[in-house]
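> Got a sequence here, can you model it:
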Amino acid sequence: MSKLHIGPYMLASRLILAPMAGVSDRPFRQLCRQWGAGMVVAEMLTSDTSLWDSRKSSLRLIRPDDPEPRAVQIAGNDPAMMAHAAQQCVAIGAQIIDINMGCPAKKVCNKAAGSALMQDELLVADILTAVVNAVTVPVTLKIRTGWDENHKNAPQIAKIAEDAGISALAIHGRTRNQLYKGCAEYDTIALVKQQRKIPILANGDIDSPEKAHYVLAYTQADGLLIGRAAQGKPWLFQQINHYLRTGQLAPALALSKVEQTVLQHLTELHQFYGEHLGLRIARKHVQWYLADYPEAKAFRSHFNQLECPQAQSAQVQDFFQTLYAQGLKVAA
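Numbers count the residues shown, from 1 in each chain. Got it, this is the predicted structure:
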């Protein structure tokens, strides 16, 4: 299995955890690295560094003891502010800067950031050049195939990126107008891969080992960016790596390993965020982990009312004891 390099960094696998606001926090990133992600990217930061003192932003900042290479994503539409934000990220330990031009959220696009930038190729060039020239670490870029079906300009943006010195380009196989609806398409990614020399990463609907193999073969991409499919399933990275290496599906994951992972994640969320916020954030993660199991809906209703970390952990343990009693031994 070929290796993926981003600048001077050779990644342990060709699979990268995509940055997801409110999801790819430090506890989840560490968990995905343990399960085989070659790199994990921190949650998106605004390029307005004056806002980084808020509790929300401060929790998103990279730490020196985060797994290497430490990658941070920034978003904005002003070249000078983006360059300054990149420098500040490097100052606190970032080893790779990722630029967000792929987020389809209205609150981001309404500020002419994220995927909205794909409508202004001159501004794209200015931002990329400013950031690349401002730092000595590799700079990567994430985009979509275009703004809408009639304006798929990913190939043009990819050329601008390569010319500006971008070290790797990730492409989500949807336009901005598609949001996350419909199916991702990979023809645009394959076309860009044919045209460019920098590493190209495919993204969108990669939710199984077989799909990962198909997308890599179809697009000839250098690696994969995996986001939503890893929610509640961080072991997906291990399963994909095993399939790419052997051509065989990994053995079914033991239910006891799922329980261990959920409890570990819970503990790390409580420690990282503190009791009050940790309890709230744990609710969505546990929901993702257990969604496919019997009685998950009833469990969630009770779990979401719990008000202390010990009660959350105990409730998870009780839930798995019920599954064991039903004879379940492997993950759903």
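> What's the first helix or strand after the lowest-mean-pLDDT helix or strand in the chain?
Least confident helix or strand of the chain, by mean pLDDT, DSSP states H and E, is helix 106-109 with a mean of 58. As assigned by DSSP states H and E, the chain's next helix or strand after helix 106-109 is helix 121-134.
> Quick one: distance of that next one to the chain centre.
23 Å (Cα atoms, centre = their mean, to the nearest Å).
> pLDDT on whatever helix or strand comes next after that helix, on average?
Next helix or strand after helix 121-134 toward the C-terminus (DSSP H and E): strand 139-146. For strand 139-146, mean pLDDT is 95.
> Strand partners (parallel or antiparallel) of strand 139-146?
strand 96-101 (parallel), strand 168-175 (parallel) (DSSP bridges).
> Strand 139-146 and the helix or strand following the longest one, what's the angle between them?
From strand 168-175 onward toward the C-terminus, using DSSP H and E, the following helix or strand is helix 187-195. Relative orientation of helix 187-195 with respect to strand 139-146: 130 degrees, computed using axes from the mean of the first three to the mean of the last three Cα atoms, to 10 degrees.
> Run the chain-centre distance for the helix ranked longest in the chain.
Once the chain is assigned using DSSP state H, the helix that runs over the most residues is helix 255-273. Mean C-alpha position of helix 255-273 versus that of the full chain (Cα atoms, centre = their mean) differs by 19 Å.
> Likewise for stretch 167-183?
Distance, centroid of stretch 167-183 to centroid of chain: 13 Å (Cα atoms, centre = their mean).
> CA atoms only for it, dumped as CSV, please.
Provided in CSV are the C-alpha atoms of stretch 167-183 (Å, rounded to 0.1, in the frame of the first residue of the first chain):
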residue,chain,number,x,y,z
SER,A,167,1.1,20.9,-0.5
ALA,A,168,-2.1,18.8,-0.8
LEU,A,169,-5.7,19.3,-2.0
ALA,A,170,-8.8,17.6,-0.6
ILE,A,171,-12.0,17.6,-2.7
HIS,A,172,-15.5,16.8,-1.4
GLY,A,173,-17.4,15.2,-4.3
ARG,A,174,-20.4,17.6,-4.0
THR,A,175,-21.1,21.2,-4.9
ARG,A,176,-21.9,23.8,-2.3
ASN,A,177,-25.5,23.8,-3.3
GLN,A,178,-25.8,20.0,-2.7
LEU,A,179,-24.8,20.5,1.0
TYR,A,180,-24.7,16.8,2.1
LYS,A,181,-27.6,15.7,0.0
GLY,A,182,-27.6,13.1,-2.8
CYS,A,183,-24.5,11.1,-3.6
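> Could I get the full set of strands for the stretch 201-332 of the chain?
223-226 (DSSP state E, counting those that start in this stretch).
> quick one on the thing from earlier: now the strands paired with strand 139-146 as a markdown table including mean neighbour count, distance to residue 120 and mean pLDDT?
For glycine as for every other residue, the C-beta is placed from the backbone atoms N, C-alpha and C. Formatted as a markdown table, the strands paired with strand 139-146 follow (neighbours: other Cβ atoms under 10 Å; distance: least, Cβ to Cβ, whole Å; pLDDT from 0 to 100):
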| stretch | mean neighbour count | distance to residue 120 | mean pLDDT |
| --- | --- | --- | --- |
| strand 96-101 | 26 | 10 | 96 |
| strand 168-175 | 26 | 16 | 94 |
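> could I get those strands as a markdown table with distance to residue 141?
Output for those, formatted as a markdown table (distance: least, Cβ to Cβ, whole Å):
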| stretch | distance to residue 141 |
| --- | --- |
| strand 96-101 | 5 |
| strand 168-175 | 5 |
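> which residues of the stretch 151-300 of the chain score low on pLDDT?
For the stretch 151-300 of the chain, not a single residue meets the criterion pLDDT under 70.
> mind checking how far the closest residue in space to residue 165 that isn't next to it in sequence is from residue 157?
Leaving aside its chain neighbours, residue 165 sits nearest to residue 132 (4.2 Å; criterion: Cβ to Cβ, 6 or more residues apart in numbering). Separation of residue 132 from residue 157 (Cβ to Cβ, to the nearest Å): 15 Å.
> The two: who's more crowded?
Between residue 132 and residue 157, residue 157 has the larger neighbour count (other Cβ atoms under 10 Å), namely 25 against 22.
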